[in-house]
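J.: Give the three-dimensional model of this entry:
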Amino acid sequence: MKVVITNYTGDRQNWGCQSTSLGLIRYLKRHLGEVEIATIPLKSKFPDIKRVPRGDLRAELVDMMRGGKAAMRTLLATYNEGEIAALSDADLVLFQGEGTMVGNKFYNSENLFSAPIAANRMFGKPVWSINQTVFSLDTEFTKFASEAFNTVFERNFVREPASLRFMRDAGVRDAALLPDLAFYDDLDTNEVSPAAYPAFSGLARIESLDPKLLLRMVGEIVSRHGGLSIVASTDLDLDFADLATKSFGDRIQLVGKDRTRQEAFEAIKAAPFFFSGRYHMNIYAAKAGTPFVQFLSNTHKNLGLSWMLNYPLMPREVVPNYDVAADIEYLNSNAENLSRELKSASGLIYGFLDRTNIFDENRGDHNFGGRLPSTYSTLSSPSYLDALNGVKQRSGFMRAVRSLIGIRH
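T.: Here you go, the predicted structure:
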């Protein structure tokens with residue numbers, strides 16, 4: 001069987017991208033046995049179509065979904081001959097959207113659907129969505145995506161329950177929860193020596209935040225525990241780690257992008273607790289049994305992760321009145337129980353993935369969602385996500401970081 005994974009991110013420096021992609025490949029080999037896997041990376045540059053109005057590109061894809069001519073300039077402008085050949089030769093195309101879908105620009109919306117729509121409409125291939133958070137800030141894109149999920153995709157598996165609820169609210173008929181396959185990555189989970197310091201990571205769209213707010217949180221943790229390990233593989237997280245190091249000196253320990261995902265996992269496992277807005281790093285913490293506080297990220301994925309783990313702490317907003325001290329006290333006071341519950345929840349997820357073969361024609365029980373509570377907490381202020389997903393301002397974030405570099409605590 002030949003399987004093509006579109007929007008593949010396993011070759012990125014980001015440890016979470018590696019884990020979720022390699023976990024998917026491990027899952028395919030576990031349940032399909034002899035399988036030939038080809039990967040097509042997530043594309044972010046479109047020199048041949050950058051001057052084409054986004055509405056025109058969406059209209060072209062909609063026309064294709066509805067049986068129109070398969071001209072597909074977005075496909076031809078984005079993918080090379082080998083990638084297009086892989087799509088045409090596949091027995092199954094898997095659309096791995098991960099957490100990229102936001103819906104407010106071509107890169108994180110229609111672009112993601114180019115390969116799956118082409119594979120189905122041009123080449124007649126079955127297409128499944130898998131390992132994905134489904135989210136949209138744009139009403140028209142939500143309608144477009146819902147039509148694609150209902151007409152182009154044979155099956156839709158989301159990776160956390162906030163997306164399952166979003167899909168159902170949007171009218172997608174065939175949607176199920178298959179937990180994120182980072183839970184199925186074969187990281188070595190053996191015991192490690194406890195670390196003296198807690199751990200900390202950034203979050204998606206960290207550049208939309210005031211670095212002084214993050215620095216205040218770091219300062220509170222350092223003052224209470226003597227130091228902090230910052231786990232960072234993305235450039236902006238490393239920018240913030242540089243600010244923290246210059247502010248707190250050798251009380252900051254960096255686990256940077258020169259480390260492997262196993263080393264990142266071990267740093268989180270060794271920590272007494274973890275603060276992070278990085279979805280996959282929070283999965284690492286869950287697998288490790290390290291109590292954590294999540295920050296809200298650029299989508300509802302971290303909220304969905306809390307639901308899926310039945311975790312008592314909902315994601316926090318990085319705002320001036322956030323009481324980090326109260327959360328530190330809670331983690332310290334409840335560490336043993338939280339660790340035990342996280343390990344139990346992660347074990348249930350791993351067991352479900354290991355025994356659940358979604359490729360079995362009998363289907364069976366392929367929806368982890370049936371094991372979750374029927375009611376969930378909601379976001380306290382959805383506008384926070386709108387603000388995080390505004391125009392990227394790395395230069396502004398860096399100016400703010402540089403202006404704070406001389407701070408000493």
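
J.: going forward, measure contacts between C-alpha atoms and count neighbours the same way
T.: Noted.

J.: quick one: the most centrally placed residue in the chain and Asn302, what's the gap?
T.: For the chain, the residue nearest the mean C-alpha position is Gly99 (4.1 Å; CA atoms, centre = their mean). The spacing between Gly99 and Asn302, counted by CA to CA, to the nearest Å, is 10 Å.

J.: for the closest residue to the residue nearest to the centre of the chain other than its chain neighbours, what are its contacts?
T.: Excluding the flanking residues, the one nearest Gly99 by CA to CA, 6 or more residues apart in numbering is Thr133, at 5.2 Å. Thr133 makes contacts with 97-101, 158-160, 163, 301, as judged by CA atoms under 8 Å, 6 or more residues apart in numbering.

J.: Now, of those residues, which are buried?
T.: 97-101, 158-160, 163, 301 (16 or more other CA atoms under 10 Å).

J.: will you turn these into a markdown table that also has distance to Ala267, secondary structure and pLDDT?
T.: A markdown table is the format used below for the buried ones among the contacts of Thr133 (distance: CA to CA, whole Å; DSSP: H, G, I helix; E, B strand; the rest coil; pLDDT from 0 to 100):
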| residue | distance to Ala267 | secondary structure | pLDDT |
| --- | --- | --- | --- |
| Gly97 | 28 | strand | 86 |
| Glu98 | 24 | strand | 89 |
| Gly99 | 24 | coil | 82 |
| Thr100 | 26 | coil | 81 |
| Met101 | 29 | coil | 84 |
| Val158 | 28 | strand | 95 |
| Arg159 | 25 | coil | 95 |
| Glu160 | 25 | coil | 94 |
| Ser163 | 29 | helix | 91 |
| Lys301 | 23 | helix | 92 |
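
J.: Of those, which is the nearest to Leu76?
T.: Within these, the smallest distance to Leu76 is 19.8 Å, found for Gly97 (CA to CA).

J.: need the strands for the stretch 101-250 of the chain, in chain order.
T.: Secondary structure of the stretch 101-250 of the chain (DSSP state E, counting those that start in this stretch): strands at 127-132, 155-158, 176-177, 199-203, 228-231.

J.: domain ranges for this protein?
T.: The chain is divided into the following domains under automatic domain parsing: 2-178, 199-349+379-404.

J.: Return the distance of the last one from the chain's centre.
T.: Translated: domain 199-349+379-404. Offset of domain 199-349+379-404 from its chain centre (CA atoms, centre = their mean, to the nearest Å): 14 Å.

J.: Next: stretch 153-164.
T.: The answer for stretch 153-164 is 13 Å, by CA atoms, centre = their mean.

J.: end-to-end on it?
T.: By CA to CA, the extent of stretch 153-164 from end to end equals 15 Å.

J.: Just give the number of residues close to Leu215.
T.: The local packing of Leu215 (other CA atoms under 10 Å) involves 19 other residues.

J.: looking at it, it is touching Ala244, isn't it?
T.: Yes: counting by CA atoms under 8 Å, Ala244 is a contact partner of Leu215 at 6.7 Å.
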